[in-house]
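# I'd like to go over a predicted model; first the sequence, then the structure.
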Amino acid sequence: MGTNELAIGLGFKKLVTLADMIGSLAYVTKVTLRVEGVALKKTYQTHTHQLSCSKENGGGHYKIDPTEGGVVESNEI
């Protein structure tokens, strides 16, 4: 996926460019992550689970298209 391409909506079937979607966005997922105490200029990997954080399992990874099997980076947030 290029820097100006986005997967739109739940169950998306194609990639669209930012220019294609302006004014026509139907679904929005906003994720904000704030961290403290980590080393600067270092890359960290993250993912989101379907359920709330707890001592128990947080459920499976959240996927934009839940029918996509396996772990596909472009299908996760």
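Okay, I see it.
# And the pLDDT for residue 29?
With respect to pLDDT, residue 29 has a value of 66.
# Ignore what I typed, I meant residue 37.
Listed pLDDT for residue 37 reads 90.
# pLDDT-wise, which helix or strand of this structure ranks last?
strand 5-7 (a mean of 46; mean pLDDT, DSSP states H and E).
# in what helix or strand does residue 56 lie?
According to DSSP states H and E, residue 56 maps onto no helix or strand at all.
# and it, how many residues sit next to it?
8 (other CB atoms under 10 Å). (C-beta placed from N, C-alpha, C; glycine too.)
# so what pLDDT did it get?
So residue 56 comes in at 77 (pLDDT).
# what residues are up against it?
Residues near residue 56 by CB atoms under 8 Å, 6 or more residues apart in numbering: none.
# Please report the distance of it from residue 62.
Distance check for residue 56 against residue 62: by CB to CB, to the nearest Å, it reads 17 Å.
# Which parts of the chain are helices?
18-21 (DSSP state H).
# quick one: low-confidence parts of the protein?
1-29 (pLDDT under 70).
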